[in-house]
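1. predicted model, plus sequence, below.
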Amino acid sequence: IHHVGKPTPLPLIPHNNLKWFVGDIHFIAKLAKEKGTMTHAFDDTALRLGPVSQVVIGLGASWISRTFGLGQVIVILADSQEMHDLLVNRAAEFDRSKLVNNLFAATLPQGMLALPTDQRFKHHKRYLGITMTNPYLARMTPRIMDRMQELVDLWSVAAKRLSMGSSTEFAFNALDDIRLSSIDVIASITFGTSFDGVKASLGYLEGNPSASPSSRPTIPKLVADLEVLLNTIGNGIFFPVSTILPWWTRTFNYKWHRALTSTHGYLRSRLHSARANYEAEYNKSEKPAAHKADNVLDIILERERGDQTRGTKTLTGAEIIDELTTFALGGSETTAAAMQWSVKILCKHPAVQYKLRTELLTNLPVINTRPPTYTEITDDNNLPYLSAVMYEILRCSRIAAAIDRDATCDTTLLGYPIPKGTRVLMPIGMVQQLESDGSKDITDGLDSVRSASSLRGRKTGYWSASDAHLFKPERWLCEDGSFNAIAGPWLPFSYGFRGCFGQKLALLELRLFLATTQLNFFFDALPDELNGWKSHETVTNHPVQCYVRPIPWDDVNVNLFN
Ligand code: HEM
């Protein structure tokens, strides 16, 4: 019994007190119950045990675990300098974890999120890379602005209802408005036309003058289906044997099956009509080259034609559908969470809202007459406070709380031996928020055990221990007011070849969301019962509650801020 039931951690690496048979499972479950997310157990362990620690699932590294694939050890790396080095310089030793690939494998088996780092993955990334270039995003900017304007129009009507004497609501629920808006944006970019979810909500509210500010039409089926897919992927983390998870999902999860079939049906019909349009136009006139196309589907079709002419490999129909699913899932849920956290955070910080609006009106006056261009809205030099607010929201909101990699060979991490196959988890959400000059002695003391590439130097400054845990956009500004992107640790999108593919699009979308909503509204403070901090962790960490009480700036007494 002793040999069978005693969990085995990796030698030398600090760990919690382990319970027989379950290791740390009871501890992870306890924190998940208390805090609402499982990743808090990793944060807590790293905070107590130091830059390298481990969590033992079940029997950990025992021979029984290894033989039957039942338990595992997760090494936690919580040092921003070493994390950056591992992600950027040591990708050959630490590759995308098989667990993450397995989580996505049933839903989008041939999409980037589920592919190992091989030739096929590189081929997909090359195909879709154009969608994240500056010229493409510049062409998408007016389209994203239109979607943001629709959200502002909806919130204007809802805000008016709130201010009517008959309304019993203090604020309205913005969770679904934001979710729909992010899906509208991704549809506009992918297919060239919006999904029109926010427009439908606006039409509903306008057509029902007595409806309450929170009233919305039933959520569209596609959005509900995407949620089922995301929840299935997120819940996969609790499945005991990840290698059989894709098979299990495909065989037993009927709800997921229905949602995937209907999502694929929708994507296939959009692909077919795009193909028909493309063929018709191509035969009629010169089609713009891929680098001039104005939606993801046209880019794919244009590249496909080029590859067919050259006789090189194209993406198959199933691969295209899976990459469209990647955009629909990876590109909407994450940015929606970022916008939802923005609303929650900003309504607690009225002075930040006023300062942000003042900067927009002073440094970007054209925004009153026309939508800003890509170059204008992404100019850190001209809009340092907008960049600071956006970076700070992403620093404080733990959208992706942790990322992981698998060791591809026997290696070391800050001096500790790491056997091949070990899963290394990096709690990016906690480290970017709490690593500070308070632990500088520990961080500097690690120099003797750092990898050769990490020793080349730390890429960022340190947050101050006195306020690292607070929301404070000013930490991103230098004394002369300019924006400093490397003021301290910041890893919401991770780094390296397998870091976030959509980072540039996400930042553009968030900038436009902040600029449009903050120019139009002041988000009033909310009572605590409407602005709780509980989050729900699926693939990303999004708030359970997101209420908003937008007040047009004309009705705000701005003298209070002077
Ligand atoms: C605020 C918004 C977003 C956040 C915080 C975010 C964060 C992340 C993170 C942390 C990863 C994992 C990286 C790793 O394992 O090292 C990731 C991967 C990925 N993200 Fe995002 N993301 C966001 C928006 C987007 C958008 C808009 C897209 C658009 C398509 C996107 C597409 C992807 C893809 C395809 C991957 C997988 C990349 C790969 O496997 O190599 N993300 N994202």
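-> Great, that's in hand.

2. and the nearest residue to G71 once chain neighbours are set aside, what is it in contact with?
-> Nearest non-adjacent residue to G71, counting by Cβ to Cβ, 6 or more residues apart in numbering: G58, 2.9 Å away. Heads up, the C-betas are built off the backbone N, CA and C, glycines and all. Counting by Cβ atoms under 8 Å, 6 or more residues apart in numbering, G58 makes contact with P7, F21, V22, G23, I25, S65, L70, G71, Q72.

3. now render those residues as JSON lines, adding distance to C478 and neighbour count.
-> Below are those laid out as JSON lines (distance: Cβ to Cβ, whole Å; neighbours: other Cβ atoms under 10 Å):
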{"residue": "P7", "distance to C478": "49", "neighbour count": "23"}
{"residue": "F21", "distance to C478": "54", "neighbour count": "14"}
{"residue": "V22", "distance to C478": "50", "neighbour count": "18"}
{"residue": "G23", "distance to C478": "46", "neighbour count": "28"}
{"residue": "I25", "distance to C478": "46", "neighbour count": "18"}
{"residue": "S65", "distance to C478": "50", "neighbour count": "20"}
{"residue": "L70", "distance to C478": "52", "neighbour count": "15"}
{"residue": "G71", "distance to C478": "49", "neighbour count": "22"}
{"residue": "Q72", "distance to C478": "44", "neighbour count": "20"}
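
4. let's have these in JSON lines, adding secondary structure and distance to K313.
-> Listed next are those as JSON lines, based on DSSP: H, G, I helix; E, B strand; the rest coil; distance: Cβ to Cβ, whole Å:
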{"residue": "P7", "secondary structure": "coil", "distance to K313": "47"}
{"residue": "F21", "secondary structure": "coil", "distance to K313": "49"}
{"residue": "V22", "secondary structure": "coil", "distance to K313": "47"}
{"residue": "G23", "secondary structure": "strand", "distance to K313": "45"}
{"residue": "I25", "secondary structure": "helix", "distance to K313": "44"}
{"residue": "S65", "secondary structure": "helix", "distance to K313": "40"}
{"residue": "L70", "secondary structure": "coil", "distance to K313": "40"}
{"residue": "G71", "secondary structure": "coil", "distance to K313": "40"}
{"residue": "Q72", "secondary structure": "strand", "distance to K313": "36"}
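
5. closest to the ligand among the residues you listed?
-> Of all the contacts of G58, Q72 has the smallest distance to the ligand: 18.1 Å, by Cβ to the nearest ligand atom.

6. okay, who's weakest in the contacts of G58 by pLDDT?
-> The weakest per-residue confidence within the contacts of G58 falls on L70 (74).

7. can I have the lowest-mean-pLDDT helix or strand in the chain written out in CSV, keeping just the CAs?
-> In the chain, no helix or strand scores lower on mean pLDDT, DSSP states H and E than helix 2-5, which sits at a mean of 76. Extracted in CSV, the C-alpha atoms of helix 2-5 (Å, rounded to 0.1, in the frame of the first residue of the first chain):
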residue,chain,number,x,y,z
HIS,A,2,2.9,2.3,0.8
HIS,A,3,4.4,1.9,-2.6
VAL,A,4,1.1,2.1,-4.4
GLY,A,5,-0.5,5.0,-2.6
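
8. contact partners of it?
-> With Cβ under 8 Å, 6+ apart, helix 2-5 has contacts from W20, F21, L59, I64.

9. which non-adjacent residue is nearest the residue of the chain found nearest the ligand?
-> Residue nearest to the ligand within the chain: G502 (2.0 Å; Cβ to the nearest ligand atom). Spatial nearest neighbour of G502, chain neighbours left out: G331 (5.4 Å); criterion: Cβ to Cβ, 6+ apart.

10. next one: L202
-> Per Cβ to Cβ, 6+ apart, closest to L202 is L154, 4.5 Å.

11. number of residues surrounding L301?
-> 23 (other Cβ atoms under 10 Å).

12. check contacts around it.
-> Residues in contact with L301, defined by Cβ under 8 Å, 6+ apart, are A274, R275, Y278.

13. is the ligand contacted by the helix or strand containing it?
-> For L301, the element it lies in under DSSP states H and E is helix 296-310. No: Helix 296-310 is not in contact with the ligand by Cβ under 6 Å from any ligand atom; minimum separation 9.0 Å.

14. after that helix, which helix or strand is next?
-> With elements assigned by DSSP H and E, the helix or strand that comes after helix 296-310 is helix 317-330.

15. so which bits of that following helix are buried?
-> E319, I320, I321, D322, E323, L324, T325, T326, F327, A328, L329, G330 (16 or more other Cβ atoms under 10 Å).

16. then stretch 231-244?
-> Under the neighbour-count criterion of 16+ other Cβ under 10 Å, stretch 231-244 has N231, T232, I233, G234, G236, I237, S242 buried.

17. could I get it in PDB with only the CA atoms?
-> In PDB, the C-alpha atoms belonging to stretch 231-244 read as follows (Å, rounded to 0.1, in the frame of the first residue of the first chain):
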ATOM      1  CA  ASN A 231     -17.200  25.200 -22.100                       C
ATOM      2  CA  THR A 232     -16.400  21.700 -23.400                       C
ATOM      3  CA  ILE A 233     -12.800  22.700 -24.100                       C
ATOM      4  CA  GLY A 234     -12.500  24.500 -20.700                       C
ATOM      5  CA  ASN A 235     -14.000  21.600 -18.700                       C
ATOM      6  CA  GLY A 236     -11.500  19.200 -20.400                       C
ATOM      7  CA  ILE A 237      -8.900  20.300 -17.900                       C
ATOM      8  CA  PHE A 238     -10.700  18.300 -15.200                       C
ATOM      9  CA  PHE A 239     -10.700  15.100 -17.300                       C
ATOM     10  CA  PRO A 240      -8.300  12.500 -15.700                       C
ATOM     11  CA  VAL A 241      -6.500  11.100 -18.800                       C
ATOM     12  CA  SER A 242      -6.100  13.900 -21.400                       C
ATOM     13  CA  THR A 243      -4.900  11.500 -24.100                       C
ATOM     14  CA  ILE A 244      -8.300   9.900 -24.400                       C
END
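
18. list of residues touching it?
-> 38, 69-70, 98-99, 102-104, 106-107, 245, 248-249, 253, 255-256, 259, 329, 537-539.

19. among these, name the ones in strands.
-> Judged by DSSP state E, the subset of these located in strands is E537.

20. of the contacts of stretch 231-244, keep whichever come out buried.
-> Buried members of the contacts of stretch 231-244, counted by 16+ other Cβ under 10 Å: 38, 98-99, 102-104, 106-107, 245, 249, 253, 256, 259, 329, 537-539.

21. P419 reaches D410, doesn't it?
-> Yes: counting by Cβ atoms under 8 Å, D410 is a contact partner of P419 at 5.6 Å.

22. OK, contacts around the closest residue to G438 other than its chain neighbours?
-> Nearest non-adjacent residue to G438, counting by Cβ to Cβ, 6+ apart: A465, 3.1 Å away. Applying Cβ under 8 Å, 6+ apart to A465 gives the contacts S436, D437, G438, S439.

23. next one: Y374
-> By Cβ under 8 Å, 6+ apart, the residues touching Y374 are N134, L137, A138, T141, L508.

24. just give me the closest of these to P365.
-> Closest to P365 out of these is T141 (17.8 Å), distances taken as Cβ to Cβ.

25. now for the helix or strand containing that closest one, which elements pack on it?
-> Take DSSP H and E as the rule and T141 turns out to sit in helix 134-163. Where contact means 3 or more Cβ pairs under 8 Å, 6 or more residues apart in numbering; DSSP states H and E, helix 134-163 is packed against strand 172-173, helix 175-191, helix 197-207, helix 374-377, helix 503-520, strand 521-523, strand 550-552.

26. so which bits of the longest one are buried?
-> The neighbour-count criterion (16+ other Cβ under 10 Å) identifies 504-520 as the buried residues of helix 503-520.

27. show me where the stretch 1-150 of the chain has helices.
-> Using DSSP state H, counting those that start in this stretch, the helices of the stretch 1-150 of the chain run over 2-5, 25-35, 40-49, 63-68, 80-89, 98-105, 119-128, 134-163.

28. possible to save those helices as CSV with distance to L383?
-> Listed next are the helices of the stretch 1-150 of the chain as CSV, based on distance: least, Cβ to Cβ, whole Å:
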stretch, distance to L383
helix 2-5, 59
helix 25-35, 35
helix 40-49, 32
helix 63-68, 52
helix 80-89, 26
helix 98-105, 35
helix 119-128, 28
helix 134-163, 14
